[in-house]
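Participant: sequence? don't have it. structure:
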């Protein structure tokens, strides 16, 4: 079935450095969603991308959806300690969503 | 967007027993989703619960082990039956949100430890 592959699995960055996580699919996606899960918390919806080549920004976060709608990225500029957590991409399949394995971001002070 | 109250937040259970997890949504929703998240892992969909019909289970999950109830459009329960240590995990319910930014809202999760 449809899967979304997410890399890297882990990322350690110095505070202030940038961070990017990538999501790839072998099939065309109708949309892609991004979620953030803080340590000990539950996933929280960040954004949905629908259009080919779409780019959306939320403060220091930039989300992109590829032209072929098979890949997506989340980029964080100048990371802060509050950015710690696991970032998941997710895609709709039938009436449900399937999650990538997530990228765990650790910030080094 | 929808707010989900999930309980219990955590429990420690003896093997062979069952635990029922409840999720209450503050608005009516057609479908509710139940996920399992093992430590450090991604979310795995267990089943989709529709009001008035049997839940639809994903591959690897069966009704005898994870019976689900959906008595109305705002409430659902997931029971983890005949538990073993392998069932230790976080269980989350989720609903699809159409009012406002589209996305899925999650309950706060139930951290289950089976001893």
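Facilitator: Happy to help now that I have it. Keep in mind that this is a model prediction, so the values were computed, not measured.
Participant: which residues of chain A score low on pLDDT?
Facilitator: A:1-2 (pLDDT under 70).
Participant: how about the strands in it?
Facilitator: For chain A, the strands defined by DSSP state E cover A:4-7, A:10-14, A:19-25, A:32-37, A:44-49, A:55-58, A:61-65, A:71-76, A:85-93, A:96-99, A:103-108.
Participant: do you know which of those strands lies nearest chain B?
Facilitator: Proximity to chain B, assessed across the strands of chain A by C-beta to the nearest C-beta, is greatest for strand A:44-49 (3.4 Å). Yep, even glycine has a C-beta here, placed from its N, CA and C like the rest.
Participant: quick one: strands adjacent to the closest one?
Facilitator: Strands adjacent to strand A:44-49 in the sheet, as given by DSSP bridges, are strand A:32-37 (antiparallel).
Participant: if we can go back for a sec, could you export the strands of chain A as JSON lines, including mean neighbour count?
Facilitator: Shown next, in JSON lines, are the strands of chain A (neighbours: other C-beta atoms under 10 Å in any protein chain shown):
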{"stretch": "strand A:4-7", "mean neighbour count": "18"}
{"stretch": "strand A:10-14", "mean neighbour count": "13"}
{"stretch": "strand A:19-25", "mean neighbour count": "21"}
{"stretch": "strand A:32-37", "mean neighbour count": "24"}
{"stretch": "strand A:44-49", "mean neighbour count": "18"}
{"stretch": "strand A:55-58", "mean neighbour count": "12"}
{"stretch": "strand A:61-65", "mean neighbour count": "19"}
{"stretch": "strand A:71-76", "mean neighbour count": "20"}
{"stretch": "strand A:85-93", "mean neighbour count": "23"}
{"stretch": "strand A:96-99", "mean neighbour count": "21"}
{"stretch": "strand A:103-108", "mean neighbour count": "18"}
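Participant: which stretch among the ones you listed comes nearest residue B:105?
Facilitator: strand A:44-49 (6.7 Å; C-beta to C-beta).
Participant: Next secondary structure after the lowest-mean-pLDDT helix or strand in chain B?
Facilitator: Least confident helix or strand, chain B: strand B:103-106 with a mean of 91, by mean pLDDT, DSSP states H and E. Once the chain leaves strand B:103-106, the next helix or strand it forms, by DSSP states H and E, is strand B:110-114.
Participant: That next one packs against which elements?
Facilitator: Using 3 or more C-beta pairs under 8 Å, 6 or more residues apart in numbering or on different chains; DSSP states H and E, the elements in contact with strand B:110-114 are strand B:10-13, strand B:89-97.
Participant: Much appreciated, bye for now.
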